[in-house]
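Colleague: structure of the sequence below:
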Amino acid sequence: MAPDTIVKPIHIPVMLDAVVDALRPALSAVSATVVDATIGLGGHAAAILNAFPSTRLVGIDQDGEALAIAGERLAGFGDRVTLVRQRFDALPAILDDLGINKVQAILFDLGLSSMQIDETERGFAYAKDAPLDMRMDDRLAVSAADIVNIWTASDLARIIRDYGEEPHALRVAQAIVAARVSAPIASTGQLVAIVTGGMPAAVRFGSGGHPAKRVFQALRIAVNDELAALAAALPAALGRLAVGGRIAVLSYHSLEDRLVKQAFRAAAETKAPRRLPVVPESMMPTFEIVDSAQPTPEEIAENPRAASARLRVAERIKED
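Modeller: Numbering: from 1, shown residues only. Below you'll find the model as predicted:
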């Protein structure tokens with residue numbers, strides 16, 4: 001292939017080596033099964049399948065376009081790969097349908113894929129004018145445009161505060177409601193202008209990042225019900241791991257990371273009352289927390305989207 005026709009990678013998987021190394025103890029066994037619960041464009045999945053030649057992979061994603069790309073990327077692995085279009089909180093039902101009781105590893109790479117950010121028409125990016133959509137699954141009935149044009153100011157303020165951790169949530173919500181009186185808010189560019197105009201001058205002209213960043217995060221989480229799905233998926237995933245199995249989760253903001261940390265901590269705690277002098281075996285923890293890591297400065301320099309990532313890993317050490 002001539003140098004000018006070399007195909008560049010679709011995206012750079014975040015903390016790729018760290019993820020593969022974290023799952024290595026669980027996937028070294030023959031005929032292991034790994035679930036990539038957010039397969040995206042298949043970058044982590046391809047590395048895992050290459051690193052562990054006898055491993056079978058179940059890939060889940062609610063984004064049909066991403067799943068199609070992952071399917072093309074992983075086609076060379078043949079029947080070692082099973083792809084399912086679903087949201088990851090359907091993991092137990094998916095495994096039941098496939099006749100799989102326990103698996104050796106599970107990976108969650110939360111947040112947006114590079115494709116979702118880069119495809120302007122998806123409406124996720126505040127830096128590009130596009131239809132105000134933000135649905136990861138285009139089969140969903142409610143888009144970001146529906147939320148900003150229909151919800152009350154109090155409901156908008158609640159999600160902007162709770163999901164975006166935006167201190168000026170009420171001001172922004174009131175600005176949105178006032179703006180939509182004259183015309184529906186249909187594009188990301190309109191929303192950015194409204195949000196920016198509703199912020200105090202210190203925020204508009206300060207150095208704390210784009211004024212609309214937190215609002216866009218809040219809307220995306222609300223449209224896709226991300227936190228509720230994650231809160232349901234984590235304990236379900238932990239329950240499907242075999243002894244010695246590992247779960248690795250990449251999160252990108254504090255709300256996701258808090259849910260992961262809480263789920264892991266609960267699984268790694270003893271079930272015995274605090275003052276019990278001897279803990280019975282039946283009350284011993286079923287998991288141990290293995291690792292918590294962040295990208296290296298070198299990786300962040302190569303892939304700036306990795307900057308906010310945190311990897312948490314836990315391992316099942318006994319049955320419930």
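Colleague: please count neighbours and contacts with C-alpha atoms only from this point.
Modeller: Will do.
Colleague: with adjacent residues omitted, what lies nearest to Gly43?
Modeller: Closest residue to Gly43 apart from its sequence neighbours, by CA to CA, 6 or more residues apart in numbering: Pro13 at 5.5 Å.
Colleague: now do the SS call for the one you found.
Modeller: Following DSSP: H, G, I helix; E, B strand; the rest coil, we place Pro13 in the coil state.
Colleague: pretty sure it sits against Gly40.
Modeller: No: contact criterion CA atoms under 8 Å: Pro13 and Gly40 do not qualify, at 9.7 Å.
Colleague: out of these two, which sits in the more crowded spot?
Modeller: Higher neighbour count among Pro13 and Gly40: Gly40, with 29 against 22, using other CA atoms under 10 Å.
Colleague: so who does that one touch?
Modeller: 61, 63, 66-67, 70, 113 (CA atoms under 8 Å, 6 or more residues apart in numbering).
Colleague: returning to what we had before: how close does the residue nearest to Gly43 get to Glu269?
Modeller: Distance, Pro13 to Glu269, by CA to CA, to the nearest Å: 32 Å.
Colleague: swap in Ala37?
Modeller: Distance, Ala37 to Glu269, by CA to CA: 25 Å.
Colleague: would you say Ser292 is within a helix?
Modeller: No: going by three-state DSSP, the assignment for Ser292 is strand, not a helix.
Colleague: please identify the residue most distant from the middle of this protein.
Modeller: Pro277 (40.6 Å; CA atoms, centre = their mean).
Colleague: got any ranges where the stretch 1-150 of the chain has weak pLDDT?
Modeller: For the stretch 1-150 of the chain, applying pLDDT under 70 flags the ranges 1-11, 113-121.
Colleague: recalculate using a threshold of 80.
Modeller: By pLDDT under 80, the low-scoring segments of the stretch 1-150 of the chain are 1-11, 111-125, 127.
Colleague: quick one, phi/psi of the most centrally placed residue in the chain?
Modeller: Closest to where the C-alpha atoms of the chain average out (CA atoms, centre = their mean) is Leu110, at 1.2 Å. Backbone dihedrals for Leu110, given as degrees, to the nearest 10, come out at phi -80, psi 170.
Colleague: let me see the contact set for it.
Modeller: So, once contact is read as CA under 8 Å, 6+ apart, Leu110 ends up touching 38, 249-252, 256.
Colleague: and the contacts of Gly40, which is closest to Ala47?
Modeller: Ala47 lies nearest to Ala70 out of the contacts of Gly40, by CA to CA, at 12.4 Å.
Colleague: right, and the helix or strand after the strand or helix carrying that closest one?
Modeller: When elements are assigned from DSSP states H and E, Ala70 belongs to helix 64-73. From helix 64-73 onward toward the C-terminus, using DSSP H and E, the following helix or strand is strand 81-85.
Colleague: partners of that next one in the sheet?
Modeller: Strand 81-85 has the following sheet partners, assigned by DSSP bridges: strand 56-61 (parallel).
Colleague: ranges for the helices of the stretch 101-250 of the chain?
Modeller: Secondary structure of the stretch 101-250 of the chain (DSSP state H, counting those that start in this stretch): helices at 114-118, 144-150, 153-164, 169-179, 188-198, 201-204, 213-224, 226-239.
Colleague: give me the mean pLDDT for the shortest one.
Modeller: Per-region confidence: helix 201-204 scores 81 on mean pLDDT.
Colleague: okay, buried residues for it please.
Modeller: If you call a residue buried by 16 or more other CA atoms under 10 Å, then helix 201-204 has these buried ones: Arg204.
Colleague: which residues sit against it?
Modeller: With contact meaning CA under 8 Å, 6+ apart, helix 201-204 is reached by 196-197, 210-211.
Colleague: ok, the second one next?
Modeller: By CA under 8 Å, 6+ apart, the list of residues contacting helix 144-150 from outside reads 132-135, 156, 176-177, 180, 184-187, 219-220, 223.
Colleague: burial count for Ala222?
Modeller: Ala222: 23 surrounding residues under other CA under 10 Å.
Colleague: does it really touch Arg158, like I thought?
Modeller: No: using CA under 8 Å, Ala222 is not in contact with Arg158; the gap is 10.6 Å.
Colleague: Met199 and Leu41, how far apart?
Modeller: Distance check for Met199 against Leu41: by CA to CA, it reads 36 Å.
Colleague: go on, Arg171?
Modeller: Between Arg171 and Leu41 the computed distance is 38 Å (CA to CA).
Colleague: between those two, which one's more packed in?
Modeller: Per other CA under 10 Å, whichever of Arg171 and Leu41 has more neighbours is Leu41, with 27 against 16.
Colleague: low-confidence regions, the stretch 201-320 of the chain specifically.
Modeller: 202, 204-209, 271-283.
Colleague: swap the cut-off to 70 and go again
Modeller: Along the stretch 201-320 of the chain, segments meeting pLDDT under 70 span 206-208, 272, 279.
Colleague: hey, where'd the strands end up in it?
Modeller: Using DSSP state E, counting those that start in this stretch, the strands of the stretch 201-320 of the chain run over residues 241-251, 287-293, 310-316.
Colleague: redo these as CSV? Include mean neighbour count and distance to Leu230.
Modeller: Output for the strands of the stretch 201-320 of the chain, formatted as CSV (neighbours: other CA atoms under 10 Å; distance: least, CA to CA, whole Å):
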stretch, mean neighbour count, distance to Leu230
strand 241-251, 23, 11
strand 287-293, 16, 18
strand 310-316, 24, 14
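Colleague: that's all I had, so thanks and see you.
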